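>>> Okay, predicted coordinates and the sequence, questions at the end:
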Amino acid sequence: MDALILNEEKRKKKKHLRHYTSTLSFSASLPDDVQGIYADSLCAVKYSMDPLLDLKESIIDMVKNVGVRNWEDLEELIYCYVVLNSSDIHGFIVEAFLSLCCS
């Protein structure tokens, strides 16, 4: 019985994912007004089951690989994440930045 429920749940998730991914755009580019250290950065679109964790990892990766030298660099990075993501993701962006800044 459990296996049937699990398989049914997997089927429902796959069906949901097909519907969800068909509504996503898989291309993104930084706005023209992004300058400074992030101007040459590439955008990667990713479907996430855990947006908070994925955003934290992405932010850490950007800070390590591109470098944040001052507050303006951090503000520009936050701006990039906000502009590139829909408004329903903005809460995760805020939470990710705050949790990393406070840790």
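Arrived safely, thanks for sending. A quick note: this is a predicted structure, and the numbers were derived from the prediction, not measured. Numbering: from 1, shown residues only.

>>> mind checking which helix or strand the nearest residue to Ala39 once chain neighbours are set aside is in?
Computed as CB to CB, 6 or more residues apart in numbering, the closest residue to Ala39 that is not its neighbour in sequence is Leu30, at 7.3 Å. Yep, even glycine has a C-beta here, placed from its N, CA and C like the rest. With secondary structure defined by DSSP states H and E, Leu30 is part of neither a helix nor a strand.

>>> How about the contacts made by Leu30?
Residues near Leu30 by CB atoms under 8 Å, 6 or more residues apart in numbering: 38-39, 41, 43, 80, 83-84.

>>> Next step: those restricted to helices.
Secondary structure from DSSP state H places 80, 83-84 of those in helices.

>>> By neighbour count, sort out the buried ones in those.
The neighbour-count test (16 or more other CB atoms under 10 Å) marks 80, 84 as buried among the ones in helices among the contacts of Leu30.

>>> ok, the ones in helices among the contacts of Leu30 vs Ile60, which is closest?
Nearest to Ile60 among the ones in helices among the contacts of Leu30: Cys80, at 14.7 Å, using CB to CB.
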